[in-house]
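>>> give me a 3D structure for the following:
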Amino acid sequence: MAEITAGMVKELRERTDAPMMDCKKALSEAEGDMTRAEEILRVRFGNKASKAAGRVAAEGTVGIYISADGKQGAMIEVNCETDFVAKNEDFLALTRNAAELVSKHNPADVTALSALKIGDSTVDEVRAQLVGKIGENMAIRRFVNFNAQGKLSSYVHGGKIGVMVDLVGGDEALAKDIAMHIAAAKPKSLDASGISQDLIDAERRVAIEKAREGGKPEAMLEKIAEGTVQKFLKEVTLLNQPFVKDDKQTIEQLLKSKGASVASFSMFVVGEGIEKVVTDFAAEVAAAAKV
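Here you go, the predicted structure:
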């Protein structure tokens with residue numbers, strides 16, 4: 001049997017918010033497999049045990065650039081340590097300039113972007129200068145570049161959730177509605193074809209185990225699981241979601257009524273998936289007093 005360390009229990013606890021002893025039992029049952037242990041806890045405690053997948057755990061902002069004709073654009077996430085710095089104008093200017101460089105030069109990755117120039121300095125030099133000036137670490141985390149089939153539209157909520165949509169047909173009002181819907185409903189993909197098989201398989205396994213624990217006959221488990229998977233796909237795919245401003249129609253129905261379609265979209269949530277270090281200030285002061 002795999003050794004279950006305190007660190008493993010702590011990590012699973014942080015991922016799921018389940019009680020420590022339940023985390024330890026799940027890890028033992030899963031023979032140390034963290035993913036399987038998380039699934040076991042989801043069976044016991046429901047979807048609350050997957051909360052870490054969407055946890056916003058770091059500060060920063062999302063930057064957007066769209067060309068005048070709406071055909072080219074980019075979205076970028078730049079992180080910092082505090083929300084105060086995320087609102088600093090120099091930090092925001094770095095984010096905007098970096099997004100424009102992504103759109104115009106299409107760098108392969110963050111390293112390539114960092115070597116591009118903002119005026120006479122590289123992006124990384126500007127970043128380093130800001131770190132020295134403000135005294136807080138900053139990092140470009142990710143970006144996405146768009147060459148639109150239709151026309152690009154975007155929405156940024158509080159600097160923390162950024163959405164870019166490539167809408168074919170329709171009008172500016174529809175594009176804005178779709179972007180705001182995505183920010184609110186957080187779909188994982190446009191339709192079922194964009195959902196990974198691993199994610200679907202995980203939903204199926206959890207559904208089967210929950211049904212089995214609920215005393216359902218073995219012969220019914222696959223049918224129950226299939227229904228659960230189809231419900232899940234409707235909830236996480238944009239076209240199948242009820243429109244947040246009118247839940248009597250789906251996004252697919254809304255688009256059809258306007259003679260429009262979504263070619264693609266992307267959403268960034270600042271700090272999503274990054275574990276933020278929580279500092280116990282009182283403990284730090286107490287420790288410093290002993291030195």
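
>>> if I read this right, Ile274 contacts Asn79, doesn't it?
Yes: with contacts defined as CB atoms under 8 Å, Ile274 counts as touching Asn79 at a distance of 7.4 Å. For glycine as for every other residue, the C-beta is placed from the backbone atoms N, C-alpha and C.

>>> which residues do those two both contact?
Common contacts of Ile274 and Asn79 (CB atoms under 8 Å, 6 or more residues apart in numbering): Ala58.

>>> neighbour count for those two, which is higher?
Asn79 (19 against 14; other CB atoms under 10 Å).

>>> surely the more buried one meets Arg141?
Yes: the criterion here is CB under 8 Å, and Asn79 meets it with Arg141 at 5.3 Å.

>>> got the contact list for the helix ranked longest in the chain?
Counting residues, the longest helix found in the chain (DSSP state H) is helix 218-236. The contact list for helix 218-236 (CB under 8 Å, 6+ apart) reads 187-189, 192, 195, 200, 203-204, 206-208, 211-212, 216, 240-241.

>>> sheet-wise, list the partners of the very next helix or strand once past it with their directions.
Going down the chain from helix 218-236, the next helix or strand is strand 242-243, by DSSP states H and E. Here strand 242-243 is paired, per DSSP bridges, with strand 246-250 (antiparallel).

>>> buried subset of the contacts of helix 218-236 as a PyMOL selection?
Buried subset of those, written as a PyMOL selection, criterion 16 or more other CB atoms under 10 Å:
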select buried, resi 187+189+192+195+203+204+206+207+208+211+240+241
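
>>> skipping adjacent residues, who's closest to Leu190 in space?
Spatial nearest neighbour of Leu190, chain neighbours left out: Leu238 (5.2 Å); criterion: CB to CB, 6 or more residues apart in numbering.

>>> cool, Lys210 as well?
Excluding the flanking residues, the one nearest Lys210 by CB to CB, 6+ apart is Val43, at 5.2 Å.

>>> so what's Gly34 up against?
Quick fix: residue 34 is Met, not Gly. Met34 touches Met8, Glu11, Leu12, Arg15, Leu27, counting by CB under 8 Å, 6+ apart.

>>> now neighbour count too, for those, in TSV please.
Output for the contacts of Met34, formatted as TSV (neighbours: other CB atoms under 10 Å):
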residue	neighbour count
Met8	17
Glu11	17
Leu12	26
Arg15	21
Leu27	25
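
>>> neighbours of Asp237, how many?
Just to correct that, residue 237 is Thr rather than Asp. Neighbours around Thr237, by other CB under 10 Å: 21.

>>> how is this structure carved up into domains?
1-55, 59-165 (automatic domain parsing).

>>> which residue ranges form the strands in the stretch 101-250 of the chain?
Ranges of strands within the stretch 101-250 of the chain are 117-118, 121-122, 138-147, 151-157, 161-168, 242-243, 246-250, based on DSSP state E, counting those that start in this stretch.

>>> let me have the ones you listed in CSV, extended by distance to Met220.
Formatted as CSV, the strands of the stretch 101-250 of the chain follow (distance: least, CB to CB, whole Å):
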stretch, distance to Met220
strand 117-118, 61
strand 121-122, 61
strand 138-147, 42
strand 151-157, 42
strand 161-168, 40
strand 242-243, 28
strand 246-250, 29
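
>>> alright, I will stop here.
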